[in-house]
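K.L.:
Just to be clear, the model below is a prediction. Sequence and coordinates:
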Amino acid sequence: MASRPSSSTDPWHWRLIVDDVGEFDLWVMPPDCVLPQGPCQGLRFGWELHLQSGPRWSLRSGQASAPELRLPGGHRGSREREEEIHEIDLSAPTEFWMGPRRVHSRRPAEGSAAMQWTFEGGLPGVAEGGCLFLPYGHSLSFGPRQSAWPVEDWKESITLAATSDGLTLACAQGVRMGLEDGDFDEAQPLREVPLDGAAHRPFWCVARPGPPVFVTLERQFEAPSAR
């Protein structure tokens, strides 16, 4: 597991696994940051939330440790183009190349500031659902109706929210947190997942009338208190 970067402007990296939905590399992002590891290492991300046009992400390529980035109709990266900013308009799905792989970019839900990247053909070490970028102060929902990932037999949504201190997981019918002995505690509607907590944390969510929905969060860095 990688050490946590010391800067407060660095993103937090988690592995998110949700029953019936999928597995993701989850990055909790400040407004401007550089990914410190993984296939997108070295790419600088920025995002803004415009009142009229909604969320807009931008990225810069050309750093020594970053993979080559080519947007459709663009040119290969060069030293003269290092600081050129490419904008990703989340009002419609976007495709571009990163090195030899085509990247499919989309906004998971209407009005959401989150962004999901999936890599054509997959990438070693990257979850099947690809990379999920979630800005501080925003949330994503899994479940019925207008959720980012609708699931047919769910009656309640599970909402994952990002803060500068960690994550929260909410479900109206209750969330049970995994204990060290493998059991789960009593259900609560909202659970906090702090950065200095356990690196591997399973949850049991009452989101449907049948079997519970299991959500697992694995922190991909060492917490400050562990250093």
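P.N.:
Yep, it's here.

K.L.:
Please name every helix or strand in contact with the longest strand anywhere in the chain.
P.N.:
The longest strand of the chain (DSSP state E) is strand 166-177. Contacts defined by 3 or more Cβ pairs under 8 Å, 6 or more residues apart in numbering; DSSP states H and E place strand 166-177 against strand 158-163, strand 188-194, strand 200-205, strand 213-219. Every C-beta, even on glycine, is put in place using the N, C-alpha and C of the backbone.

K.L.:
For the third one, C-alpha coordinates in CSV please.
P.N.:
C-alpha atoms of strand 200-205 as CSV (Å, rounded to 0.1, in the frame of the first residue of the first chain):
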residue,chain,number,x,y,z
HIS,A,200,-10.3,-2.2,4.8
ARG,A,201,-13.9,-1.5,5.8
PRO,A,202,-16.9,-3.6,4.7
PHE,A,203,-20.5,-2.4,5.1
TRP,A,204,-23.9,-4.2,5.1
CYS,A,205,-26.6,-1.9,3.6
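
K.L.:
pLDDT weak spots in this structure?
P.N.:
Applying pLDDT under 70 to the chain picks out residues 1-8, 53, 62-66, 72-83, 222-227.

K.L.:
returning to what we had before: between the helices and strands packed on strand 166-177, which gets nearest to residue 18?
P.N.:
Closest to residue 18 of the helices and strands packed on strand 166-177 is strand 213-219 (Cβ to Cβ; 5.2 Å).

K.L.:
List the buried residues in the longest strand of the chain.
P.N.:
Neighbour-count burial for strand 166-177 flags 166-171, 174-177 (criterion: 16 or more other Cβ atoms under 10 Å).

K.L.:
Which members of those are the farthest-apart pair?
P.N.:
Taking Cβ to Cβ, no two of the buried residues of strand 166-177 sit farther apart than 166 and 174, at 20.0 Å.

K.L.:
Now do the contacts for the nearest residue to residue 139 once chain neighbours are set aside.
P.N.:
Excluding the flanking residues, the one nearest residue 139 by Cβ to Cβ, 6 or more residues apart in numbering is residue 161, at 3.8 Å. Neighbour list for residue 161: 138-139, 167-170 [criterion: Cβ atoms under 8 Å, 6 or more residues apart in numbering].

K.L.:
where's residue 112 relative to residue 11, distance?
P.N.:
17 Å (Cβ to Cβ, to the nearest Å).

K.L.:
These two: which has the busier surroundings?
P.N.:
Neighbour count, other Cβ atoms under 10 Å: between residue 112 and residue 11, residue 11 has more, with 23 against 20.

K.L.:
Done for today, thanks.
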